[in-house]
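Asker: show me the folded form of this:
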Amino acid sequence: MIKGLHHNAYRCRDSEETRRFYEDFLGLPLAGTLAITETKTGRKTAVLHTFYRMDDGSYRRSRKDLCYHERSQ
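Answerer: Residues are numbered from 1 along each chain as shown. Okay, here's the model as predicted:
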């Protein structure tokens, strides 16, 4: 298992496909999700952030997380 990693963010087309890769292939369990429906300026958007737990238990707030963004068109 990957033990730790500084924050990384990537865009993906399909969050479910990304989840399968990180959980099933790499062994990093999904730790949480965050859906964003509006930007700070009030513009409507559809973004899903997914977070995967590292071997040391870190994710999200610890700055050691993998975060993927799926954006609807």
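Asker: quick one, strands of this structure?
Answerer: 8-12, 30-38, 44-52, 66-71 (DSSP state E).
Asker: neighbours of F51, how many?
Answerer: 17 (other C-beta atoms under 10 Å). For the C-beta atoms, the positions are set from N, CA and C on the backbone; glycine is no exception.
Asker: quick check: it vs T41, distance?
Answerer: Using C-beta to C-beta, to the nearest Å, F51 is found at 24 Å from T41.
Asker: if we can go back for a sec, okay, the strands of the chain, which one's buried deepest?
Answerer: Comparing the strands of the chain by mean neighbour count (mean count of other C-beta atoms under 10 Å), strand 66-71 ranks first with a mean of 18.
Asker: now do that one, average pLDDT.
Answerer: When pLDDT is averaged along strand 66-71, the result is 54.
Asker: which among the strands of the chain is found nearest to S58?
Answerer: strand 30-38 (9.2 Å; C-beta to C-beta).
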